[in-house]
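**Q** return a 3D structure for these sequence lines:
(one chain, ligands or ions: 1)
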Amino acid sequence: MSFLSATLDRVKPSPTIAVTTLANELKAAGKDVIGLGAGEPDFDTPDNIKAAAKAAIEAGKTKYTAPDGIPELKKAICEKFKRDNGLDYEPAQVSVGTGGKQILYNALMATLNPGDEVVIPAPYWVSYPDMVLLAGGEPAIAEAGAETAYKLTPEALEAAITPKTKWFIFNSPSNPTGAAYTRAELKALTDVLMRHPQVWVMSDDMYEHLVYDDFEFTTPAQVEPGLYDRTLTCNGVSKAYAMTGWRIGYAAGPQKLIAAMRKIQSQSTSNPCSISQWAALEALTGTQDFIPVNNETFKRRRDLVVEMLNAIDGITCPTPEGAFYVYPSIEGCIGKKTAAGTEIDSDETFAKALLEETGVAVVFGAAFGLSPCFRVSYATSDENLKEACGRIQSFCASLN
Ligand SMILES: Cc1ncc(COP(=O)(O)O)c(C=O)c1O
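**A** Residues are numbered from 1 along each chain as shown. Below is the predicted model of the structure:
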């Protein structure tokens, strides 16, 4: 009898965490490494949020809370959905978890039975397919390539849906491409979903606030109110508020689903950290002034990286609408050899050789389900980005 669960054979460890760990190890060993792999803002958590956490500790708010969140935070989340998305939710329709990741995981665990399919556009955030597999479902990957600016077409969505489809996972702005759907592009997808009443929508809005050039963010239940009763609108404070380590994510949706997610959380982790919940309350209700300031910085870095990468022969890099990622194609580098003699036969060998020969850490596209590409996280300083893109330029120029 095997000691380890057979379910574990279905999943792989997170490749983005693996790249970040390897880059950190090389750095610790004294190598000159620039990490463009991490999916977190390089800004510090704003002071008002830190102060709220300190005040929570001083006030003794350090005990168990309700398993899926304190009432004050649930109320603030309802207000956020109304203010930002025009969506009406009651506190009983809200779940707070230990990061956006746990929220998505709970929802899949609460709903998937063996054989249930989940449509996931590729490139996708690395955790979606593996979470589906862990929960016993089957990922159904629908390609959204560079020719459609990494956005799923209504035809591709329609083709991916079967009678077994239970969920469609939607992520805009996207990790790993930064692509964000306009209202019209999203409406074209929700029109398809309206024809398939068995399909629920899991909208992962984690990068909602990180959009540039006056892009208007929208979410499925807002664009198509007919989907409200089968949509879980997911979000969190990790990215916009630079709170990745605080571990607070949340979602709102039909009460039946929220109650099922609460049941799972109550028998696994119980409540998310009480202090972080009070900090998240301040994040959602306090000043939002730093968001446009941070976005100016992100936009400048995005433009810098896109320009430097597009100057490379063999690389094409679309300009994304949001998040802090770009997803260049390395189609023109495949089949060439590096100065050290490695043949670039995939984006994985490209990323490995880039790290070994230049010290720049990026995540290869196969990890996100669409090759040959790589993901750059530009959530690092302009100097780092200039130096890293310069090294990528020299690396590619030396390929033959
Ligand atoms: C698309 C997407 N969804 C969810 C998450 C999870 O966020 P959290 O750190 O709050 O668990 C991430 C984090 O990288 C993400 O990129």
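**Q** which residue is the nearest non-sequential neighbour of residue 130?
**A** Leaving out its chain neighbours, the residue that sits closest to residue 130 by Cβ to Cβ, 6 or more residues apart in numbering is residue 11, at 4.2 Å. Every residue, glycine included, has its C-beta placed from N, CA and C.
**Q** residues touching the nearest residue to residue 325 once chain neighbours are set aside, list them.
**A** Here the nearest residue to residue 325 in space, its sequence neighbours aside, is residue 178; by Cβ to Cβ, 6+ apart that works out to 4.7 Å. Residues in contact with residue 178, defined by Cβ atoms under 8 Å, 6 or more residues apart in numbering, are 302, 320, 321, 322, 323, 324, 325, 326, 327.
**Q** could I get those residues as JSON lines with pLDDT and secondary structure?
**A** JSON lines is the format used below for the contacts of residue 178 (pLDDT from 0 to 100; DSSP: H, G, I helix; E, B strand; the rest coil):
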{"residue": "302", "pLDDT": "98", "secondary structure": "helix"}
{"residue": "320", "pLDDT": "98", "secondary structure": "coil"}
{"residue": "321", "pLDDT": "98", "secondary structure": "coil"}
{"residue": "322", "pLDDT": "98", "secondary structure": "strand"}
{"residue": "323", "pLDDT": "98", "secondary structure": "coil"}
{"residue": "324", "pLDDT": "98", "secondary structure": "coil"}
{"residue": "325", "pLDDT": "98", "secondary structure": "strand"}
{"residue": "326", "pLDDT": "98", "secondary structure": "strand"}
{"residue": "327", "pLDDT": "98", "secondary structure": "coil"}
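**Q** between the residues you listed, which is closest to the ligand?
**A** Checking the contacts of residue 178 against the ligand with Cβ to the nearest ligand atom, the nearest one is residue 323 at 7.7 Å.
**Q** isn't that closest one up against residue 171?
**A** No - in terms of Cβ atoms under 8 Å, residue 323 does not count as a neighbour of residue 171; the distance is 9.3 Å.
**Q** what touches both of the two?
**A** When contacts are counted by Cβ under 8 Å, 6+ apart, residue 323 and residue 171 have no shared neighbour.
**Q** who has more neighbours, those two?
**A** More neighbours sit around residue 323 than around the other of residue 323 and residue 171, counting by other Cβ atoms under 10 Å; the figures are 29 against 26.
**Q** quick one: the helices in the stretch 301-400 of the chain, in order.
**A** When assigned using DSSP state H, counting those that start in this stretch, the helices of the stretch 301-400 of the chain occupy the ranges 347-358, 382-397.
**Q** pull the CA atoms of the shortest one into CSV?
**A** Extracted C-alpha coordinates of helix 347-358, given in CSV (Å, rounded to 0.1, in the frame of the first residue of the first chain):
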residue,chain,number,x,y,z
ASP,A,347,10.9,27.7,-23.5
GLU,A,348,12.1,25.6,-20.5
THR,A,349,15.6,25.2,-21.9
PHE,A,350,15.6,29.0,-22.8
ALA,A,351,14.7,30.0,-19.2
LYS,A,352,17.3,27.5,-17.8
ALA,A,353,20.1,28.7,-20.1
LEU,A,354,19.1,32.4,-19.4
LEU,A,355,19.4,31.8,-15.7
GLU,A,356,22.7,29.9,-15.9
GLU,A,357,24.4,32.1,-18.5
THR,A,358,23.1,35.5,-17.5
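**Q** counting by contacts, list what that helix packs against.
**A** For helix 347-358, the packing partners by 3 or more Cβ pairs under 8 Å, 6 or more residues apart in numbering; DSSP states H and E come out as helix 15-28, strand 360-361, strand 363-364, strand 374-377, helix 382-397.
**Q** residue of the stretch 201-350 of the chain closest to the ligand, please.
**A** Of all residues in the stretch 201-350 of the chain, residue 238 sits closest to the ligand, with a separation of 3.6 Å (Cβ to the nearest ligand atom).
**Q** which residue packs closest to that residue, ignoring adjacent ones?
**A** Spatial nearest neighbour of residue 238, chain neighbours left out: residue 244 (4.6 Å); criterion: Cβ to Cβ, 6+ apart.
**Q** what's the answer for residue 81, then?
**A** Spatial nearest neighbour of residue 81, chain neighbours left out: residue 87 (4.3 Å); criterion: Cβ to Cβ, 6+ apart.
**Q** ok, now residue 318?
**A** residue 149 (5.7 Å).
**Q** got the phi/psi numbers for that neighbour?
**A** Reported as degrees, to the nearest 10, the phi and psi values for residue 149 are phi 50, psi 40.
**Q** doesn't residue 179 make contact with it?
**A** Yes - checked against Cβ under 8 Å, the pair residue 149 and residue 179 is within contact range at 5.8 Å.
**Q** which residues do the two both contact?
**A** Among the neighbours of residue 149, those also in contact with residue 179 (Cβ under 8 Å, 6+ apart) are residue 318.
**Q** please identify which of those two sits among more neighbours.
**A** With neighbours defined as other Cβ under 10 Å, residue 149 and residue 179 compare such that residue 179 has more, 28 against 16.
**Q** you'd agree that one is in a strand?
**A** No - using DSSP: H, G, I helix; E, B strand; the rest coil, the secondary structure at residue 179 is coil, not a strand.
**Q** OK, contacts around the spatially closest residue to it that is not a sequence neighbour?
**A** When the adjacent residues along the chain are set aside, residue 179 lies closest to residue 150, with 4.2 Å between them (Cβ to Cβ, 6+ apart). The contact partners of residue 150, taken as Cβ under 8 Å, 6+ apart, are 123, 144, 174, 177, 179, 318, 320, 327, 370.
**Q** quick one: the least confident helix or strand in the chain by mean pLDDT to helix 347-358, angle?
**A** In the chain, the helix or strand scored least confidently by mean pLDDT, DSSP states H and E is helix 15-28, which has a mean of 81. Interaxial angle, helix 15-28 versus helix 347-358 (axes from the mean of the first three to the mean of the last three Cα atoms, to 10 degrees): 10 degrees.
**Q** elements contacting helix 15-28?
**A** For helix 15-28, the packing partners by 3+ Cβ pairs under 8 Å, 6+ apart are strand 34-35, helix 347-358, strand 360-361, strand 363-364.
**Q** wait, which of the ones you listed is closest to the ligand?
**A** strand 363-364 (11.5 Å).
**Q** what parts of the chain come near the ligand?
**A** By Cβ under 6 Å from any ligand atom, the residues of the chain that approach the ligand are 39, 99-101, 125, 171, 175, 204, 206, 236, 238, 244, 249.
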